[in-house]
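Trainee: structure for this input, please:
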Amino acid sequence: MTGQINRRVFVAGLAATSWARARAQSCPSELRWKAELDAFAAADRQQLPAPGGVLFVGSSSVRMWTGLENTFPGQPVVIRRGFGGSRLSDCADLVHRLVLPYRPRLVVLYAGENDLTEGTSPRELLIYFVRFVEQVRTALPNTRIAYLSIKPSPSRLAHMMAMREANLLIQTHVLAYDDLDYIDVHTAMLDNDGQPRPELYLRDQLHLSAEGYGLWRQVVSAHLRS
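Mentor: Purely as a prediction, here's the structure:
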């Protein structure tokens, strides 16, 4: 127990240091994603989703999930707020725009793959995740957060070890908290030889095919409990 507490304190300390550094600098995420954020705000002005729903947020795998809002019939409110090319660091910077307005009961987060390919280390990725979580907890203490594991994209095999390390770090962190969940799609997307299943991807071997999203739907469904 003492080891677990010390680990929590260590991770929280790293996150606090990273967050303070980020706030002390000018944050580029608002400007970089202005068009996407403005589009989300415009959609909300037309019809703000009811609170208490399931919010999917993250990079292109969320943005390109066509029909996501109707994929889980047992969930009356499903919101999709994905922006292609985004990073977990961006999601942490933009919690106030991406999450807080919707007051969801559950946030499903897919981000981190782009960070790793741009040189972020797995441990830094964990810090971004903790920063994302702490902001949501502070503003919406009853909201749960589920992290969707980084998928094994065939076009990014050079980063596979970093993906696995980052997934393990985040999964280990999540297991220590009742309000967090880890959704393992990575394992289901590998064949018997431990290689990515190509049929789950489009021709670019990066983005998901219809079969890939079908697999995600099956895996994610079990985690959308009330």
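Trainee: how near is the residue nearest to Pro198 when sequence neighbours are not counted to Pro196?
Mentor: Nearest residue to Pro198 in three dimensions, chain neighbours excluded: Pro154, at 6.1 Å (Cβ to Cβ, 6 or more residues apart in numbering). The way it works is simple: take the backbone N, C-alpha and C, and place the C-beta from them, glycine included. Distance, Pro154 to Pro196, using Cβ to Cβ, to the nearest Å: 4 Å.
Trainee: quick check: neighbours shared by those two?
Mentor: Gln205 (Cβ atoms under 8 Å, 6 or more residues apart in numbering).
Trainee: just the CA coordinates of stretch 203-213, formatted as CSV?
Mentor: This file holds the C-alpha atoms of stretch 203-213, laid out as CSV (Å, rounded to 0.1, in the frame of the first residue of the first chain):
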residue,chain,number,x,y,z
ARG,A,203,-5.1,1.2,-47.4
ASP,A,204,-2.9,3.7,-45.6
GLN,A,205,-2.5,1.1,-42.8
LEU,A,206,-3.1,3.8,-40.2
HIS,A,207,-6.8,4.6,-40.1
LEU,A,208,-9.4,2.1,-39.3
SER,A,209,-11.6,0.2,-41.8
ALA,A,210,-15.2,-0.6,-41.2
GLU,A,211,-14.1,-4.0,-39.8
GLY,A,212,-11.7,-2.2,-37.5
TYR,A,213,-14.5,0.0,-36.1
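Trainee: this protein: strands as residue ranges?
Mentor: Counting by DSSP state E, one finds strands in the chain at the ranges 54-58, 78-82, 106-110, 144-148, 180-183.
Trainee: same list, those strands, but as JSON lines with mean neighbour count please.
Mentor: Formatted as JSON lines, the strands of the chain follow (neighbours: other Cβ atoms under 10 Å):
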{"stretch": "strand 54-58", "mean neighbour count": "26"}
{"stretch": "strand 78-82", "mean neighbour count": "22"}
{"stretch": "strand 106-110", "mean neighbour count": "25"}
{"stretch": "strand 144-148", "mean neighbour count": "22"}
{"stretch": "strand 180-183", "mean neighbour count": "18"}
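Trainee: who has more neighbours, Pro154 and Pro196?
Mentor: Pro196 (20 against 17; other Cβ atoms under 10 Å).
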